[in-house]
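Trainee: Got a sequence here, can you build the structure:
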Amino acid sequence: MKKTIETFIVCLIVIFVTAENGISASGNEEHFLLAPNVIAMPLGKILLVRNHFDYGAIRFSRFWVGNSQDDQYASYEAYYQGDKTGDFSNKNVTFTKGDLHDSKPSFSIFGHPIAFGEKVEIRCGPIRLLWSGMGTVYFFGSRQTDGDYGIELALTKWTDISQVNVFDPRLEWYRYNEKRKVTVIPVDQLWRDEEDKKPGK
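Mentor: Have a look, this model is predicted:
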């Protein structure tokens, strides 16, 4: 797998900003991190994926490290709805469950870093998205360079697929944007509930 310099830099930003805000691999954090080419999300929350009229949903169930902080793992669940309705209650939804692993290459061959056992691509139906540790989800796959491939991601407070409504007006869909500044978004500030919108609140 090849990572661009920009992707590597964003990985460092994710690690630094999450550490500065008390976000750790324990999964107890309640923050999203939005960067130009990646979103970092907390355990248990659902991240929505949209590619034209196809929809997906990703949820991490576990993060852990191996022998060092460079040896990272995650377990995830992914749902894909490709019938253009965005309805995840339909029986034709594709469900995927898997583990991910990213590690620092232990050696190189002819200058190319080699890492054994890497599995760094989230599978959501036909959609493939790069992962690089903790709750990171990129706007592109591991075999693609940084860029806009039409993938949109939306942050949510939802924890169960039965709660998902891809047409909820509170959703804000993000695409790859190299000019976007890195932003930390607490989950409890993600949406303003209807009660908060009432006069005097």
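
Trainee: give me the low-pLDDT residue ranges for the chain?
Mentor: Under the criterion pLDDT under 70, the flagged ranges of the chain are 1-29, 104-117, 192-201.

Trainee: Which residue would you name as the spatial centre of the protein?
Mentor: Nearest to the centroid of the C-alpha atoms of the chain, with distances taken as C-alpha atoms, centre = their mean, sits residue 137, at 2.7 Å.

Trainee: what's the helix or strand hosting it packed up against?
Mentor: Per DSSP states H and E, residue 137 falls inside strand 136-138. Packing contacts for strand 136-138, counted by 3 or more C-beta pairs under 8 Å, 6 or more residues apart in numbering; DSSP states H and E, involve helix 5-20, strand 38-40, strand 127-130. Backbone N, C-alpha and C define where each C-beta goes, glycine included.

Trainee: hmm, try it at 7 Å
Mentor: If contacts are counted by 3 or more C-beta pairs under 7 Å, 6 or more residues apart in numbering; DSSP states H and E, strand 136-138 sits against strand 38-40, strand 127-130.

Trainee: and residue 187, what is it in contact with?
Mentor: Residue 187 sits next to 30, 31, 32, 42, 45, 157 when contact means C-beta atoms under 7 Å, 6 or more residues apart in numbering.

Trainee: Show me what the third one is bridged to.
Mentor: In this case it means residue 32. Under DSSP bridges, the beta-bridge partners of residue 32 are residue 185.

Trainee: Now do it against residue 145, distance only.
Mentor: 24 Å (C-beta to C-beta, to the nearest Å).

Trainee: Who has more neighbours out of these two?
Mentor: residue 32 (23 against 11; other C-beta atoms under 10 Å).

Trainee: quick one, what contacts the more buried one?
Mentor: 39, 40, 41, 155, 185, 187.

Trainee: Counting neighbours, which of the residues you listed comes out on top?
Mentor: Neighbour counts for the contacts of residue 32 peak at residue 40, which has 27 neighbours (criterion: other C-beta under 10 Å).

Trainee: What residues are bridge-paired with that residue?
Mentor: Per DSSP bridges, the residues bridged to residue 40 are residue 33, residue 136.

Trainee: Likewise for residue 60?
Mentor: Note on residue 60: beta-bridge partners by DSSP bridges are residue 76.

Trainee: Now for it, how many residues are close by?
Mentor: By the criterion of other C-beta under 10 Å, residue 60 has 24 neighbours.
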